[in-house]
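show me how the following folds:
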Amino acid sequence: MDTQAAGPRQPRDATNWAAKVDRLHVDDAVREHGYNIEGRRVAGPQQGFGRLWQRIYTADLGTAVTPERLVADWRAHFGEYWPKVGRFYGSVSAIQPGDVAPLASGPMATGVLVLYADETSFSFLTPEGHMFASMITFSGETALEGSTVATIRILLRCSDPLFEAAWPALRRGEDYFWPHTLRNLGAAHGVHGIHVAEDTECLDRRRLWKNWTNVRYNSGIRSGVHLLTTPFRPRRRTGPAA
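Presented below is the predicted three-dimensional model:
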């Protein structure tokens, strides 16, 4: 009997995690929207600049849908539940670990890496230049009463001094965007007029001044420059020459 190990054993949930990447790359199909994330690194909260916040949004959907059905639908139609101020250029099928998805928030272009996804949750990490250096998790959970609770958990720092200065406005924007998303999600499963609870806690009031140079990747500035220079860039050819 061979007693030598065949190799390191993989954890059971290994396929639920994105493979380790050094730089993010955007698929050709959505490359025009990914100019602010192509070649960037991911930037979690410790790579950010501002104070560290934990924000949680929850909505009780009753027994209209199970957590598994809820998350399967959420992964398949993620961007469709967003308010009209945002646009998500994700997979045409369903969110999968390792996906790099551009997104637009108003005129600003940025994106996310899908870090993890399973039957009841999925998580994103943001790239350099995003307004927040953050990890955000979307989940469906069963409450003690047996109802399904849709939850959005965000751990974030504003990514640079300019976004930190804009935090009061960004916070108000988040307080519109994510509750609106949860209400749209609930309505898709026949649950209307739901109450969205919000909880915010400052976990660390320090600013990480060593990361102030993140401003060079600021997606707001870069999106503005991209828009202004559009008339001077050559158009991509989409078909064979005549």
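
output the below-cut-off pLDDT ranges for the chain.
By pLDDT under 70, the low-scoring segments of the chain are 1-11, 92, 233-242.

check which residues of the helix ranked longest in it are buried.
Ranked by number of residues, the top helix in the chain under DSSP state H is helix 167-188. Neighbour counts over helix 167-188 (16 or more other C-beta atoms under 10 Å) mark 167, 170, 173-174, 177-183, 185-186, 188 as buried. Where C-beta positions appear, they are placed from N, C-alpha and C, glycine not excepted.

so which elements touch that helix?
strand 52-60, helix 67-76, strand 148-158, strand 196-204 (3 or more C-beta pairs under 8 Å, 6 or more residues apart in numbering; DSSP states H and E).

can you give the contact residues for stretch 53-66?
Residues outside stretch 53-66 that contact it (C-beta atoms under 8 Å, 6 or more residues apart in numbering): 70, 73, 140, 143, 146-157, 174, 178-179, 182-183, 185-186, 189-191, 194-203.

the longest helix of the chain to strand 52-60, inter-axis angle?
20 degrees (axes from the mean of the first three to the mean of the last three C-alpha atoms, to 10 degrees).

gap between Phe163 and Arg41?
Look at Phe163 and Arg41: by C-beta to C-beta, to the nearest Å, they are 17 Å apart.

of the two, who's got more company?
Using other C-beta atoms under 10 Å, the more surrounded residue of Phe163 and Arg41 is Phe163, with 25 against 16.

my guess is the more buried one contacts Gly50. True?
Yes: at 7.1 Å, Phe163 and Gly50 qualify as touching, with contact defined as C-beta atoms under 8 Å.

isn't Ile194 up against Asn184?
No: the pair Ile194 / Asn184 is not scored as a contact, 10.3 Å apart, by C-beta under 8 Å.

the strands in the chain, which residues?
Taking DSSP state E, the strands of the chain run over residues 52-60, 86-88, 100-105, 108-117, 121-125, 132-142, 148-158, 196-204.

list the buried residues in the second one.
Looking back up the chat, that one is strand 86-88. For strand 86-88, a neighbour-count test (16+ other C-beta under 10 Å) marks 86, 88 as buried.

tell me which strands and helices it is in contact with?
Using 3+ C-beta pairs under 8 Å, 6+ apart: strand 86-88 touches strand 100-105.

what helices or strands is the strand it packs on leaning on?
Packing partners of strand 100-105 (3+ C-beta pairs under 8 Å, 6+ apart): strand 86-88, strand 108-117.

which of the ones you listed is buried the deepest?
Neighbour counts (mean count of other C-beta atoms under 10 Å) averaged over each of these peak at strand 108-117, with a mean of 23.

give me the contact list for it.
16-18, 21, 24, 26, 33-37, 42, 75, 89, 95-104, 122-127, 129-131, 135-136, 219-220, 222-223, 226.

from the residues you listed, which would you call buried?
Buried by 16+ other C-beta under 10 Å: 16-18, 24, 26, 33-37, 42, 75, 89, 95, 97, 99-104, 122-127, 129-131, 135-136, 219-220, 222-223, out of those.

that older thread, between the longest helix of the chain and helix 67-76, how many degrees?
Going by the same axes, to 10 degrees, helix 167-188 makes 120 degrees with helix 67-76.

angle of helix 167-188 against strand 148-158?
Going by the same axes, to 10 degrees, helix 167-188 makes 160 degrees with strand 148-158.

ok, residues contacting helix 167-188?
50, 55, 57, 59, 61, 70, 73-74, 77, 80-83, 85-86, 105, 131-132, 150, 152, 154, 158, 163, 192, 194, 196, 198, 200.
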